[in-house]
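Student: Got a predicted structure plus its sequence, pasted below:
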Amino acid sequence: MVVVLDNIRSALNVGSILRTCDAFDIKEVYFCGITPEIDNSKVKKTSLGAEKTIKPTYFKSTKEAIKRLKALSCYIVGLEINENAEDIEKFRSNQKIALVVGNEVSGISEDVQRSCDFLVKIPMKGTKESLNVAVAFGIAAYNLNKGL
């Protein structure tokens with residue numbers, strides 16, 4: 001799996017995502033747009049050394065990253081809450097997956113969503129409509145790695 005960070009604002013969230021990547025042996029992370037990069041001190045603080053296991057690639061735009069991933073035959077899966085997203089527990093693929101996670105406030109842009117091959121969501125039972133991006137990524141990484 002490749003992880004695509006689409007304009008994540010918080011370096012602390014990025015560090016937490018990298019630590020989760022290490023837990024699931026995910027080595028490739030694409031840092032897109034305003035996402036704090038791997039050498040950021042707050043990213044390093046929260047990743048607790050996990051940043052050393054990551055192969056980082058930076059892209060000015062998420063669409064540029066997706067274009068490269070599609071050329072590498074990756075299946076692009078966006079983690080987003082909308083009417084087109086399917087329950088993540090039902091998703092299965094035999095292809096290499098690139099998981100796109102979006103900005104803490106606005107999520108994945110509509111333009112980037114249209115570039116995804118598939119959208120998944122985490123079913124919510126409480127009153128809140130969303131989770132912190134790092135928490136949501138952890139749940140998604142677990143679910144998507146079950147079949148691998």
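Tutor: Cool, got the structure.

Student: C-alpha from now on. contacts and neighbour counts both.
Tutor: Noted.

Student: How many neighbouring residues does residue 91 have?
Tutor: Using other C-alpha atoms under 10 Å, residue 91 has 15 neighbouring residues.

Student: so how far is residue 117 from it?
Tutor: 12 Å (C-alpha to C-alpha, to the nearest Å).

Student: Now do the helices in the chain.
Tutor: 11-23, 41-47, 62-71, 110-115, 133-145 (DSSP state H).

Student: Quick check: which of those helices is buried the most?
Tutor: Stretch with highest mean neighbour count among the helices of the chain: helix 11-23 (a mean of 23; mean count of other C-alpha atoms under 10 Å).

Student: Could you report the pLDDT at the residue positioned nearest the centre of the chain?
Tutor: What sits nearest the mean C-alpha location of the chain, by C-alpha atoms, centre = their mean, is residue 101, with 3.4 Å. In this model, residue 101 is scored at 98, pLDDT.

Student: how about it, what does it touch?
Tutor: Applying C-alpha atoms under 8 Å, 6 or more residues apart in numbering to residue 101 gives the contacts 3, 4, 5, 6, 78, 79, 80, 107, 108, 133, 137.
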